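S.K.: One predicted model, sequence on top.
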Amino acid sequence: MITMVLKLFKALNSEIGPWQIAFAGALAMVIGLTPLWSAHNLVILLLAFVLRVHLATFFMFWALFTGLAYLLDPWFHQIGLYWLTQANLNETWTQMYQQDFWQVMHFNHSMTLGSLIVTVLAFFPTAVLFRLGVIRYRASMMPWLNKLKVIQVLKGSRFYQLYERIDG
């Protein structure tokens, strides 16, 4: 876990594009907040590897959002149950469940449907917020942190040598 945090700080302090870090966080939000053994998570993993997002950021935020998911699960259940019990969608759900593809997707489970609806709606706002956070960190926080005596002492320590080994 410490190495992932170090790699995240390395990414924040490097020339890696803000969108790579932002999309890593947004994709991790989708896979972290939805049930793990869902078919759509295979697509998310494939996207994470194909789009060349920062993988250390992806895995760290995946763990973070997975922890947050336990707090949000009752809310996801209510949202999914609301959509599954809509009378005007009953025929749609029935037709979908009779096809093998939709059975594999598990949209008949309230947790899967509710969490997927929330994460799909929140994907682009989350990516934009992560991007703005990276840009703001690089513009204001990074120069300020580098001036701190504590950071200068750390850069001369073994801790920073570990950081350099990971960087190398």
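M.R.: Perfect, thanks for sending it. Since we're looking at a predicted model, the values are computed, not measured.
S.K.: Pull the host helix or strand of L42 out as PDB, backbone CA atoms only.
M.R.: Applying DSSP states H and E as the criterion places L42 in helix 39-50. Only the C-alpha atoms of helix 39-50 are listed here, as PDB (Å, rounded to 0.1, in the frame of the first residue of the first chain):
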ATOM      1  CA  ALA A  39     -19.700  -8.600 -16.100                       C
ATOM      2  CA  HIS A  40     -19.400  -4.800 -16.600                       C
ATOM      3  CA  ASN A  41     -16.300  -4.700 -14.400                       C
ATOM      4  CA  LEU A  42     -14.400  -6.800 -17.000                       C
ATOM      5  CA  VAL A  43     -15.100  -4.000 -19.400                       C
ATOM      6  CA  ILE A  44     -13.900  -1.400 -16.900                       C
ATOM      7  CA  LEU A  45     -10.600  -3.400 -16.300                       C
ATOM      8  CA  LEU A  46     -10.100  -3.700 -20.100                       C
ATOM      9  CA  LEU A  47     -10.600   0.100 -20.400                       C
ATOM     10  CA  ALA A  48      -8.100   0.700 -17.700                       C
ATOM     11  CA  PHE A  49      -5.500  -1.300 -19.500                       C
ATOM     12  CA  VAL A  50      -6.300  -0.100 -23.000                       C
END
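S.K.: Identify the residues contacting the residue lying closest to G114 once chain neighbours are set aside.
M.R.: In space, and not counting its chain neighbours, G114 is closest to G80: 3.0 Å by C-beta to C-beta, 6 or more residues apart in numbering. C-beta coordinates here come from the backbone N, C-alpha and C atoms, glycine included. Applying C-beta atoms under 8 Å, 6 or more residues apart in numbering to G80 gives the contacts H109, S110, M111, T112, L113, G114, S115, I117.
S.K.: Skipping its backbone neighbours, what lies nearest the residue nearest the centre of the chain in space?
M.R.: Among the residues of the chain, the one closest to the centroid is A28, at 2.0 Å (C-alpha atoms, centre = their mean). Leaving aside its sequence neighbours, A28 sits nearest to F61 (C-beta to C-beta, 6+ apart; 3.6 Å).
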